[in-house]
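1. For reference, the sequence and a predicted model appear below.
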Amino acid sequence: AQSVTQLDSHVSVSEGTPVLLRCNYSSSYSPSLFWYVQHPNKGLQLLLKYTSAATLVKGINGFEAEFKKSETSFHLTKPSAHMSDAAEYFCVVTPYGNKLVFGAGTILRVKS
Amino acid sequence: DVKVTQSSRYLVKRTGEKVFLECVQDMDHENMFWYRQDPGLGLRLIYFSYDVKMKEKGDIPEGYSVSREKKERFSLILESASTNQTSMYLCASKGRDLTGELFFGEGSRLTVL
């Protein structure tokens, strides 16, 4: 069965410090992996996606993620947090077809 | 600017009422989805549609039905609303590319009293 585990339900960082949001997946197939962000009272927006090309993927707003097959991980990072990064982040795996599996989400808090 | 529009942002209904949630996309996408979002559970797929009049059950279809009479419109129906259906409902659409981006609406927050 396909699954996604976001290892932290809440992460709190200070503005200007690095962000790390952790995601582990399990998939019987070669998956596609995504990170989506949801700001309060908004729909989800794509941050970045991995589809078996380069293992280091760059996304919008300075975020990037590295696909590590040996660790079945797809952690999201950003060198320097900004107040506008405060939101909920979802790791998503698409093992096949239109079936997407969402993680439970990580709420990122950015302190000034 | 591409758009997925959910016409009702906030609804309050009574137990037993029939509820319609409407979703319209302007991107000519084949695939449309209805998700339910609850804290700590992420998004769970209720139903999706890959073409007009075609639908498939997702992970939690019980208590819900859907309708897709036109390509741009995908409706979620709660035949008899119950309090455990109080939730945020998100509609999304996607093109043919299996690895393509999902485009989401802003959500419909339903409260069933």
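-> Okay, I see it. None of these values were measured; they are calculated from a predicted model. Numbering: from 1, shown residues only, chains lettered A, B, ... in the order given.
2. Let me see the ranges of the strands in chain B.
-> For chain B, the strands defined by DSSP state E cover B:4-6, B:10-13, B:19-25, B:31-38, B:42-51, B:54-57, B:65-70, B:73-78, B:87-94, B:103-104, B:108-112.
3. Next, format the ones you listed as CSV and append mean pLDDT.
-> Shown next, in CSV, are the strands of chain B (pLDDT from 0 to 100):
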stretch, mean pLDDT
strand B:4-6, 95
strand B:10-13, 96
strand B:19-25, 97
strand B:31-38, 95
strand B:42-51, 93
strand B:54-57, 93
strand B:65-70, 97
strand B:73-78, 97
strand B:87-94, 95
strand B:103-104, 94
strand B:108-112, 97
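4. May I see the ones you listed organised as JSON lines, with mean neighbour count and distance to residue A:107 added?
-> C-beta here means a position set from N, CA and C on the backbone, and glycine is covered the same way. Formatted as JSON lines, these follow (neighbours: other Cβ atoms under 10 Å in any protein chain shown; distance: least, Cβ to Cβ, whole Å):
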{"stretch": "strand B:4-6", "mean neighbour count": "19", "distance to residue A:107": "23"}
{"stretch": "strand B:10-13", "mean neighbour count": "13", "distance to residue A:107": "22"}
{"stretch": "strand B:19-25", "mean neighbour count": "20", "distance to residue A:107": "25"}
{"stretch": "strand B:31-38", "mean neighbour count": "22", "distance to residue A:107": "13"}
{"stretch": "strand B:42-51", "mean neighbour count": "20", "distance to residue A:107": "12"}
{"stretch": "strand B:54-57", "mean neighbour count": "14", "distance to residue A:107": "30"}
{"stretch": "strand B:65-70", "mean neighbour count": "15", "distance to residue A:107": "30"}
{"stretch": "strand B:73-78", "mean neighbour count": "20", "distance to residue A:107": "26"}
{"stretch": "strand B:87-94", "mean neighbour count": "23", "distance to residue A:107": "15"}
{"stretch": "strand B:103-104", "mean neighbour count": "22", "distance to residue A:107": "18"}
{"stretch": "strand B:108-112", "mean neighbour count": "18", "distance to residue A:107": "18"}
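5. residue in chain A nearest to chain B?
-> Closest residue of chain A to chain B, Cβ to the nearest Cβ: residue A:43 (3.3 Å).
6. got a list of what the nearest residue to residue B:77 once chain neighbours are set aside touches?
-> In this structure, residue B:77 finds its nearest non-sequential neighbour in residue B:65, 4.7 Å apart by Cβ to Cβ, 6 or more residues apart in numbering or on different chains. By Cβ atoms under 8 Å, 6 or more residues apart in numbering or on different chains, the residues touching residue B:65 are B:47, B:76, B:77, B:79.
7. Kind regards, and thank you for your time.
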